[in-house]
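Student: Just a sequence and a predicted model for now, questions to come.
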Amino acid sequence: MADIEAVETTAVENVKVKPAPKVKAAPKVKAVKTPKVKPAKIEKPAKDEINGIVRPSLKTITGRIWNLSDTISRKFSRPALRREVLEACKDEAINPATVATQYGRWRKYNGLTGRGEEVTSEETTSDAVESTDDVVRDQVATTASVE
């Protein structure tokens, strides 16, 4: 029996095991990128800018202040005075600091100089009142067409 064990050991030792053949890895597949579709841009109406100031929308508080300034200007056929606009906005519970700021911007937009404390002879025949009427009409027409 010792002979059989010796033969089996030698047979096992003499057997050469071949390594498994190397398998090539599958080529890497690149992910297909789908092009991104951008949503169509909605064109906004052109902003009304004069003298470096953009007129606010009528739907905002600042737009309401400007509208009151325009209304007062048409009523008296001259640019509105600061105290008149402040008084009108006080009735509507609008912050006086906002009114003062927007009044100054309204004056600059309309090409008026000074602080609007009193009427000057230049301002009584100013074209500013007429130009604001045109702007307000245009803006009301634009707002109506958007809705």
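Tutor: Sure thing, it's come through. Numbers count the residues shown, from 1 in each chain.

Student: what about whichever helix or strand Val99 is part of, average pLDDT?
Tutor: Val99 is part of helix 96-109 when elements are defined by DSSP states H and E. For helix 96-109, mean pLDDT is 94.

Student: Give me the helices and strands touching that helix, please.
Tutor: Applying 3 or more C-beta pairs under 8 Å, 6 or more residues apart in numbering; DSSP states H and E, one finds that helix 96-109 makes contact with strand 53-54, helix 61-76, helix 82-91. Quick note: C-beta positions are derived from backbone N, CA and C, even for glycine.

Student: Convert it to CSV, retaining C-alpha atoms only.
Tutor: What follows is helix 96-109, C-alpha atoms only, in CSV (Å, rounded to 0.1, in the frame of the first residue of the first chain):
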residue,chain,number,x,y,z
PRO,A,96,-43.9,107.7,3.5
ALA,A,97,-40.3,106.7,2.9
THR,A,98,-41.3,104.6,-0.1
VAL,A,99,-43.4,107.5,-1.4
ALA,A,100,-40.5,109.9,-1.0
THR,A,101,-38.1,107.6,-2.8
GLN,A,102,-40.5,106.9,-5.7
TYR,A,103,-41.5,110.5,-6.0
GLY,A,104,-37.9,111.4,-6.6
ARG,A,105,-37.5,108.7,-9.2
TRP,A,106,-40.8,109.8,-10.8
ARG,A,107,-39.4,113.4,-11.1
LYS,A,108,-36.1,112.1,-12.6
TYR,A,109,-38.0,109.9,-15.0
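
Student: on that earlier part again, pick the most buried one from the helices and strands packed on helix 96-109.
Tutor: helix 61-76 (a mean of 19; mean count of other C-beta atoms under 10 Å).
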